[in-house]
Each structure stands twice: as C-alpha cells, then as structure tokens.
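[1] give me a 3D structure for the following:
(chains A and B)
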Amino acid sequence: MSNLVFLVPLFPLLGFLINGLFRKSLSKPMIGVIGCGALLASFVVSAILFGNVAAANRLHPGQPIPATVLFDFINVSSFKIQFAFLADQLSCLFLLIITGIGFLIHLYSTSYMHEEPTEHYGRYFAYLNLFVFSMLLLVLGANYLVMFIGWEGVGLCSYLLIGFWFKNDNYNYAAKKAFVMNRIGDLGFLLAMFWLLAKLGTVDYNQVFAKTALLSKTDITAITLLFFVGAAGKSAQIPLYTWLPDAMAGPTPVSALIHAATMVTAGIYMIARSNVLYSLAECTQHVIAIIGLATALFAATIAIKQNDIKKVLAYSTVSQLGYMFLGLGVGAYTGAVFHVMTHAFFKALLFLGAGSVIHAMHHEQDIRNMGGLKKYLPKTHLTFLLGCLAIAGIPPFSGFFSKDEILAAAYAHSPIYWGIGVATAALTAFYMFRLYATTFLGNFRGTHDQQHHLHESPAAMTIPLMVLALLSVSGGFAGVPEVLGGDHQLHGWLSGVITSEKTHHLEHSTEYLLMGVSVALAVLASVFAISRYSKKPELQEATGLGKVLQNKWYIDELYDAVIVKPLLKLADVLKNVVEKSGIDGIVNGVGKFVHYSSRQLRLLQSGLVGSYILVIVLSIVVLFLVFWNQSIILQFVQKIF
Amino acid sequence: MNAIILSAIWGVVLMFCSVLIKNKGVYRHIAALGLLVILAGNIHETYHGSFFNIDTHEMLRFSRFGLFFNTILLAATLLYVLLSGRDVEKAGGYVAEYFTLIFFVLCGASILTSFNTLLMLFIGIEILSIPLYILTGSDKRNLRSNEAALKYFLMGAFSTGILLMGIALVYGGTGSFMLEVPRSAIMGGYKGVSFLEVTGLLFLLVAMSFKVSAAPFHFWTPDVYDGAPSVFTSFMATIVKAAAFAAFLKLFEARVGDTSAAVDWKLLLSIIIVSTLLIGNVTAVFQQSVKRMLAYSSIAQAGFMLFAVFSLNDVAKEGLLLYATAYSLATIGVFAVLIKMKDVTFEGFNGLARKNPVLAATTTICLLSLAGIPLTAGFFAKFSMLSAVIKTGTYTWLVVVAVLFAAVSAYYYFRVIQAMYFKEGDAQTEEVTGGFKVLLIAVAALVILFGVQPQALLNWFYF
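    Numbers count the residues shown, from 1 in each chain, chains lettered A, B, ... in the order given. Take a look at the predicted model:
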C-alpha cells in the first residue's frame, strides 16, 4: 500500500498540466472541478497513507518507515542520489495539512476568482496545482535534493502567484522581491547540501542522521546555520522577512495557502526533519531561538499599526513563524510542528475571512473604511472571531495549546525567552482584536455605494470558513499537555521521527502559573483592544513611534539604501562603463582592426605575375637568412621575453 | 599500385569514350563507375595486396598511410563527381576530356602518396599539376579563365624549377634520390648534415609550400581559384590540395625528420604557418565574393594543415587524415551549392534559407565545420592538429595564434550564414534535383558523424 505514495503529488501535477495546457478551451466549472478534484484525490490518498502509518506504528512501534524509491536520480560511479519518497509520521501530518487546507482553499477560490476571464482562471488553478505539487515534493522527499526541488518549486509558484495580476507593476515588483529574497535563502540551502555531500557523500536523511559522528563540530554548526539561512528565506525570518508582507499582492486565497498555511512553514518542516543535526549544534540553536524571538516581537510591533487588513495578517504570520523558530531553537520540535498545524488552521481561516470581507467590500482592503460589518456578514464575522480567539491563545482554542507548549519549553530554557514570548503573545491578542474591532464592530465607515452592495459571500466561500473554524477551535486537542490531563497524542505520533526532542520537567504548579499569566495577559489585551477600537477607531495618520511602526521601522527603506541602491549603482557602472566602453570597445576595436588589416593585406594581391614572383624570390632570400641565422634570432627573442 | 594504374587506364578509357559516345550525359556515369572500381581496387590493395606485381626498384612504396589517404581522396572525388558531375558538363565543350584529366590528376595524387624517391615526387607533382593548368583554362572563351590558367602555368613552372633545384642539391649533398638514406651510406662517409643537403631541403620546402598554397608563396591561389570554373576550383581546393599535403608530410617525415637532430626547422615552419594563417584569414574578411573568400579560406585551412608537417608525430598523421577528410567534405559541399548559385557574391546568398532551406541548412553545416565548431568534423580536425603541436612540447604559442585566427575565420564563414538566414533577398539558384539534395544531406550527415565520432574514421585506419 505504501506504493500509493507517488499518487499524492501526481494528481496535482496532472491538474496543473491539464489546466495549464487547455486553459483556453476548458470551461470555468470544468477548470474548477479539475483543480479541486486533483486536491481531493490527493487528500484521500494522503488519508490512506496516514492510516497506513498509524497502523504500522501500532504494529511495530519504534520501527522507522521505509522510503519508497521511484528511480535513480543521479547515478555516477559511487555517487548516487535516488528519487525517493518518505511518507513517515512527520510528512504524513504535513500531507494532510497541505492537501486538506489546500482543497478548502481551492474550493474557496472557485468562487473568489470567478470574475477572472476563463484563460486567467485556468492559469490561476494551474499555478495553484503546481504549487501543491511542489510542496508535496518538498515534504515527501526522502533526501535533501528532492526536498530542494520542491523548495525551488514553491518559490517559483509563489513568484508566479504574487505576480498573478502581472499588469500591475507594483505586484510584479513584489513578486520579484519575494523571488530574490527566497533565492538568497536557497543559496544557503544549496551550500549546506554541498557541504553534506562533500563530507558524507550523501544527502539521504537516514544516512545523514546515521553518520553524524563523522562530522566535526564546525561542520555541523556550519551546515545547520546554512540550512537555517534557507529556512529564514522561505519562512520569512529576520533579515529576510520583508518579502512576505509584500507578497500580499497576490489573490487572497493565495496568501492563505502559500503565505500563511503551507509554503512558509517549509523552513520549520526542514529543521524539524533535521532535528538530529540541530540538536548537535548548540550554537545554531541559540541563533535560531534569538532570531525567532526577535522576529516574533518585531513583526508584532509592526502589525499594531497596519491599516491594510491583509498586511496585519501578514505581519502576524511573520510573528507566528518567529514563535515556531523559537520552539525549534529551544528544542521543542514537536511544539513547533504542533504550532505549524494549528497556525495553518487559524491563519488560513483568517485570510479566507479577510478575503470574504474584501470580496464583500469590492476590493477595499483598508480597515479604516470598514466597521460594523458584523451584521452584514454574520458567517464571516463569527468564523473570523473564532480565528482571532485561536491566534490570541485563549483557551480552549487551538492556538492556546501550541503556543503554550512553546512558551513552556522557552521558560525551561531561559525565563527571558519566556518573558519576551508572553509579551509578544499579548501584542498578538491586541492587534488581532484591534483588527477585529475596527472591521466588524462600530459603525460602517465606507461609501454609501459600498454599503448598498454589502453581502455575505456564497456557500463555496463560507463552507471552507466553517470547516476551518471548526478545526481552529478543536485542533488543539491533538496536543493537550500532561498537566491539563491529556496525553499529547501528537508527541507520541512524532516520536519516531523527532528523536532528539529536549524534554523539560517543570513543576506542575509552575506550568499552571505560566499558563495563567499568558492567558490573563492575552485576555486583558483583547478586552482592551475591543473596548478601545470598537467605538472610535484610529482614523487619523499616526505620529511619533506610531508612524515608525506604521512604516515598518523603515526597514524597506534601509534595505533600499544600503543594499539595493548601491547594487543598482554598481550595475549601472558595469553596464555603462565596463560593458559599453570597455568590453564593447575592445570587441569592436578588434573587429575594426581586423577589417582594416584585411583591406591593407588585400593589396598584396596585385594580380601581376611579375610582382608575385618577385615577392616569392624575396621571401626565399629572407627565409634563407632567417634559417642560417636562427640561433642568433632565437637568442635575441629569448633576451626580449 | 592499383590506384595509379587503374586511374591511368580509366583516363585513357574516357578519352576513347569521347570519340565513341556522343551523349555528353553518359561521361559522368562512366567516371563515377571508374571511381568506384578504383576505390574498390585501392581498398582491396589495403587489405590483400595489389592486383599488379611490378618491380618498381623501391621507387614507390605503398604504406598503410598512403593507401588510406588514397581511399579518402578517391571517396572525395566520387562524392565530387556525384554532386558536381553535371556541372562539369557545363564548363566547356570537351566533357570527356575533363573527366580524363581528373583521372590523370588522381594518378598523380596516388604517386604522391606512395613515392619513395625524389624523382617520383617530381613526376607525381607534374602529373598532378599539368592537367590542372588545362582544367583552369577550360572555359576557353572566358578571359579570366585564360588569365588564371596562364598565371597558374607560369608560376607552376617557376615552382617546378625550385623543386628540381632542391632535388639536385639534395642529391649533391647525399648522393641519393631515395627518400630515406642511411646516414652511413652518404657519399664520402660524411656523417653530419651538409650545407648542400640543407639548402636543397629548403628549396623543397619552398616548392611544396607553393603547391599547398602556403604564404608567402600563395599568390597564385586566389587568382587561379577565382578565375577557374567553380567546378574545377572545388576539385583543386580539396582533392589536389590534400594530395599535395600527403606528399609534403611524407617528404618531411623522411628527410627533415632525418636531419632534425642537427638542424632546427621549426622556426622556419612557424614563420610560414603564422604568415599563412594571417594572410589567409585576414584577407578573407574583406572579400565580397564567396568564391574568392573560399580561395582565401583554403589558404587559411592550409595553415592549419601545415601543423602536421610542423609536428611530425603520430597525432599529426592522424590529424592530417581527419583534417583532409573534414576539409574536403565541407568544401565540396559548399562549392556544390556555390556552383548552383547565379550570383557568387555574399549578396547572392541573401534569403537562400527561405527559398531553398535544404541548400541553406547543409551549407551552414559545412561552413560550421570549416570554422571548427564542435559537433562537426572540423572541430576534431583542428583539435587534433593543435594537440599534435602541443605534443611536440615547443612553440606552444603557435596554438594560441591558431585559435585566434580560427576565431577570425568564424567571421567570414558566418557572413554567409547570416546572408542566407537573416537577410532579406532573392537568392537565385539553378535547378537542383532531388538526388542532389539527398547527396548534400548525406555530406552534412557525414560532417556531423565525424564530428561526433571521429574515431569512426580513425579506427578504420587502424582497422
């Protein structure tokens, strides 16, 4: 049955090919059916695989799941890399998230993108399918190379989808920015992979993890750091995070699928997958924890002052990803994966909810022009509220459990980490409820025309919202910690893959205290935000620190001034000076010189036999002289050179 | 031996044909048949010995190299007759005689691949050259053809004088005409290299350089190639030149190789090579007529082939085989198309790709081979020449010079390609038959085959 694994990525690939090639001749409903059907089929197979792994887990606990080799990818003498898939506990979990949420978002898109012309509608679904295909390769690969193929694939799809409306230059710019930032990260990934190949001769997970003893401390630290550079690019961590908020230029379901639920979690997946390596590199773990924490706090502060509904969610994504990296950095790999799962639920929900709002408001994204939408969009409002509760970490919603697990592990590591983490959690609650209150509570502030057309979204959009809301509410029960009387099923499930989890033993009383503090802060922040923004939202331009936050700490401007502008200037010099006058000058000069010599040499050919013979005789004389004096000539030449 | 005798006989047969058969179209079929017979005879000789058993008193010696070279020359001539035989009929009124002369040239060429004394070298060169003077002037009513023939004859006579002078001096120095003379047998027991011998060899070098059109003895080449009917230019530029090179290499391998311990010939040869590459390549750049450009290109290619004479090692020998094949194939292909063109200037090729894609594509492949682009035979030919030089261990800078000039050569070869594919125009061609196109495609296929698998040719040489 494990041979079914190749079907999982195959369906989306077929969907991509069919929709991509026949986008002009297929009808819109047909495109929708193919796009969604591919994902549904993939989801069903994933569920079967999940069941298989569960059964195998029960029958032979602790036994690793074997990889499925499809073919030899590279086979040169002793160097061999197989194209193999590994559907174990970790990847099966991701398979379900990707195909499940992916399906819901596809379904949602059939309605959301309905205004597009058929051709672009087909293109959209083709890209989405290609994206899912790449993401599935990424998580299914049994070695780093296959993962890298998927890794590049999702980067490409992200580029294509951010720039989906390619007639808008700003969107193209955002797409390029995302691609370049991702490529910087990919370089780290590649170097790490080469390093592994150079030292171990293999990139296969099992072999690498079995051979870690052959690696020196320096090797492991460097490799893990380089992999982390890749992860920071893909998962939008400092300093490579600036592309993610800009990526909101794409259609909203894309933001939900790629920039919240799946692609950006690739970095976390990769590090969780390599947990054996990371646990051996203490230095790298510190770096990851600090960068994760800094990103979480930094992005949260920016989110407070954003007025674009999608931008708030984007920064919240960056912030939540920071949490996950904090978890990875302190060795709570399961906690990080757990947060990936719950975050996928509630962030997809929030983005789709935002999409529903934008849909109702006719592409209005500024929350200052909204307000009071509660009575116009009841279903969207309710599900959005549940999502906010989940992300804010209010028990018993899913975000509470996963965030709490990370925070507890952070406390065990260092109370300072915990302190910053809790502060960020409070900020999260604050900006999410600011968003909620400004959007749904109070009075409507849009134009009369907009008010007239306000409507709840169709069922194809609200059903995914409801499913996701259900998951956001209940998803946390997969990992109820011991202290609350659960047995943390996820922990047991992943124990076969995540073998180097750092276990911490906190007193139960301490854990209760930690939870109490974080929940109390979150509730306080939420209530404060609702009471402050529901009646009189912040409409005027921000000043002082608020302005700095609204402008995202001017990081984009800083990057522009320090990196982009000098690079452009250098390129300008290379193009105008080195290329135009230097290289072109040399090339053209040589050409002109040859042409000129040709014209002169041609004159030797006078057409007169007499002069020909004269030249021949003279040449013979010269050759004679040279020949009999060649030792002198050679000595002379040698003296010169 | 088979090739010498059979080609002489077949030449005579064709002479009688001109009396007995009035239909001009038949001659080229007889010629092709004759070439097949000679080719078969030559291949038979390579493996099983000659049909004829004549004591030549060691004046001729049939080596594997020589016989294999014959095969290449004969196969190239066969291809040439098949491709351009129809055009021979248009060159003038004496069609059978032209074919006769071609067979006599082949007879001379086969002597040049097997001579063992300087006398046979002289005879071979004369048998090779005299029919060419006639062929050059075959277009009797064309003033330029006459002028070319006269120039060729005058300068050819001059070079024959130098050749004979050289032979006489070598005889004076060593007391023997034989190609390989044991040093101990030299008159008077003088063990060193005498002044007379070296001077004689210098004259031989000049005479042979003249025949292969190496600078500064190349002057006849552009005028003669340009003035002669294109169909004979094709023959002269390929088969004749390759045969002259075989003789050049054979002579130098035996004689100069023998003296090289005492006398360094490399400086002189490198001067000749560099000036040949320079004049051939650079002058070709400015030409307006493709035909004249090809004449200079043949000088430039001769510069490359001279590396074989320069290096005098096994790689060089292999390289010359490969080079002769690659160069002859490609040049015959290009000339076959050129003959069909109404206008032989670069403008005349404008837009050929649209009008006749097969001709344009095959010409392109041949030109790419001449320029030495990888995946064509020309690349490996140039490559093996250069590696022969590197193997000698001296004068490696020559390789750099050669590569630079090869880059220059790309300019004028690509001009034709550019004209065919990228320029608007109305290229006029004569009628071409389907068979002609098929043959052209076969030539292009061979060029690519030897470019991908040069060993296919060389393995045959070694069996």
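[2] which residues of the stretch 351-463 of chain B fall in helices?
    Using DSSP state H, counting those that start in this stretch, the helices found in the stretch 351-463 of chain B span residues B:352-355, B:357-371, B:377-392, B:397-422, B:434-452, B:454-462.
[3] any bit of the fourth one sitting next to chain A?
    Yes: where contact is defined by C-beta under 8 Å from any C-beta of the partner chain, part of helix B:397-422 touches chain A, namely B:408, B:411. C-beta coordinates here come from the backbone N, C-alpha and C atoms, glycine included.
[4] which parts of chain A sit against chain B?
    A:591, A:594-595, A:597-599, A:601-602, A:604-605, A:607, A:609, A:612-613, A:615-616, A:619-620, A:623-624, A:626-627, A:630, A:633-634.
[5] among those, which ones are in helices?
    Residues of the residues of chain A next to chain B located in helices (DSSP state H): A:591, A:594-595, A:597-599, A:601-602, A:609, A:612-613, A:615-616, A:619-620, A:623-624, A:626-627, A:630, A:633-634.
[6] ChimeraX command for the buried members of these?
    Of these, the buried ones go into a single ChimeraX selection, burial set by 16 or more other C-beta atoms under 10 Å in any protein chain shown:
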select /A:594,597,598,601,602,609,612,613,615,616,619,620,623,627,630
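[7] which other helices and strands does whichever strand or helix holds A:Ser91 contact?
    Of the helices and strands defined by DSSP states H and E, A:Ser91 is found in helix A:89-112. When contacts are defined as 3 or more C-beta pairs under 8 Å, 6 or more residues apart in numbering or on different chains; DSSP states H and E, helix A:89-112 sits against helix A:28-59, helix A:118-140, helix A:252-256, helix A:266-273, helix A:333-360, helix A:459-474, helix A:489-494.
[8] would you mind writing the CA trace of that helix as PDB?
    Listed next in PDB are the C-alpha coordinates belonging to helix A:89-112 (Å, rounded to 0.1, in the frame of the first residue of the first chain):
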ATOM      1  CA  GLN A  89       4.700  10.300  10.600                       C
ATOM      2  CA  LEU A  90       6.000  13.800  10.100                       C
ATOM      3  CA  SER A  91       5.500  14.000   6.300                       C
ATOM      4  CA  CYS A  92       2.000  12.400   6.600                       C
ATOM      5  CA  LEU A  93       1.000  15.100   9.000                       C
ATOM      6  CA  PHE A  94       2.100  17.700   6.600                       C
ATOM      7  CA  LEU A  95       0.500  15.900   3.700                       C
ATOM      8  CA  LEU A  96      -2.900  16.100   5.400                       C
ATOM      9  CA  ILE A  97      -2.400  19.800   6.200                       C
ATOM     10  CA  ILE A  98      -1.300  20.700   2.700                       C
ATOM     11  CA  THR A  99      -3.900  18.700   0.800                       C
ATOM     12  CA  GLY A 100      -6.700  19.300   3.300                       C
ATOM     13  CA  ILE A 101      -6.300  23.000   3.600                       C
ATOM     14  CA  GLY A 102      -5.300  23.200   0.000                       C
ATOM     15  CA  PHE A 103      -8.500  21.600  -1.000                       C
ATOM     16  CA  LEU A 104     -10.600  24.000   1.000                       C
ATOM     17  CA  ILE A 105      -8.700  27.000  -0.400                       C
ATOM     18  CA  HIS A 106      -9.200  25.600  -4.000                       C
ATOM     19  CA  LEU A 107     -12.900  25.300  -3.300                       C
ATOM     20  CA  TYR A 108     -12.900  28.900  -1.900                       C
ATOM     21  CA  SER A 109     -11.000  30.100  -5.000                       C
ATOM     22  CA  THR A 110     -13.600  28.800  -7.400                       C
ATOM     23  CA  SER A 111     -15.900  31.500  -6.100                       C
ATOM     24  CA  TYR A 112     -13.400  34.100  -5.200                       C
END
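[9] strands along the stretch 201-350 of chain A, start to end?
    Assigned by DSSP state E, counting those that start in this stretch, the strands in the stretch 201-350 of chain A number zero.
[10] leaving out the residues flanking it, which one is nearest to the one residue in the stretch 201-350 of chain A that gets nearest to chain B?
    Per C-beta to the nearest C-beta, A:Gly201 is where the stretch 201-350 of chain A lies closest to chain B, at 32.6 Å. Excluding its sequence neighbours, the residue lying closest to A:Gly201 (C-beta to C-beta, 6 or more residues apart in numbering or on different chains) is A:Phe79, at 6.9 Å.
[11] by average pLDDT, which secondary structure element in the chain comes out worst?
    No chain in the question, so chain A it is. helix A:545-550 (a mean of 77; mean pLDDT, DSSP states H and E).
[12] look at chain B instead
    helix B:257-259 (a mean of 70).
[13] for A:His363, pull up the helix or strand it's in.
    With DSSP H and E as the test, A:His363 turns up in no helix or strand.
[14] got the contact list for B:Asp139?
    Residues near B:Asp139 by C-beta atoms under 8 Å, 6 or more residues apart in numbering or on different chains: B:91-92, B:145, B:228-229.
[15] so it, which of the three states?
    Classification of B:Asp139 by DSSP: H, G, I helix; E, B strand; the rest coil places it in coil.
[16] quick one: stretch B:341-353 to chain centroid distance?
    Put simply, stretch B:341-353 sits 26 Å off its chain's centre (C-alpha atoms, centre = their mean, to the nearest Å).
[17] meant to ask about stretch B:220-231
    14 Å.
[18] on that earlier part again, got the buried residues for the least confident helix or strand of chain A?
    Those would be A:549-550, for helix A:545-550 by 16+ other C-beta under 10 Å.
[19] just stretch B:160-167 next, same as before
    So stretch B:160-167, judged by 16+ other C-beta under 10 Å, has buried residues B:160, B:162-163, B:165-167.
[20] and A:Ile394, how far from A:His343?
    15 Å (C-beta to C-beta, to the nearest Å).
[21] more neighbours, the two?
    Taking other C-beta atoms under 10 Å in any protein chain shown, A:Ile394 and A:His343 do not tie; A:His343 has more neighbours (30 against 16).
[22] dump the residue contacts of the more buried one.
    So A:His343 contacts A:260-261, A:265, A:320, A:324, A:391, A:399, A:402 (C-beta under 8 Å, 6+ apart).
[23] where neighbours are concerned, which of these has the most?
    Result: A:Ile391 is most packed of those (other C-beta under 10 Å), 33 neighbours.
[24] what sits against A:Ala410?
    By C-beta under 8 Å, 6+ apart, the neighbours of A:Ala410 are A:289, A:326-327, A:330, A:332, A:417-418, A:421.
[25] for B:Val105, same thing?
    Counting by C-beta under 8 Å, 6+ apart, B:Val105 has contacts B:127-128, B:131-132, B:235, B:239-240.
[26] so which helix or strand takes in it?
    Going by DSSP H and E, B:Val105 is part of helix B:95-112.
[27] buried residues in that helix?
    For helix B:95-112, by 16+ other C-beta under 10 Å, it's B:95-112.
[28] show the pLDDT at residue 447.
    Unless you meant another one, I'm taking chain A. The model reports A:Thr447 with a pLDDT of 80.
[29] sorry, should have said chain B
    95.
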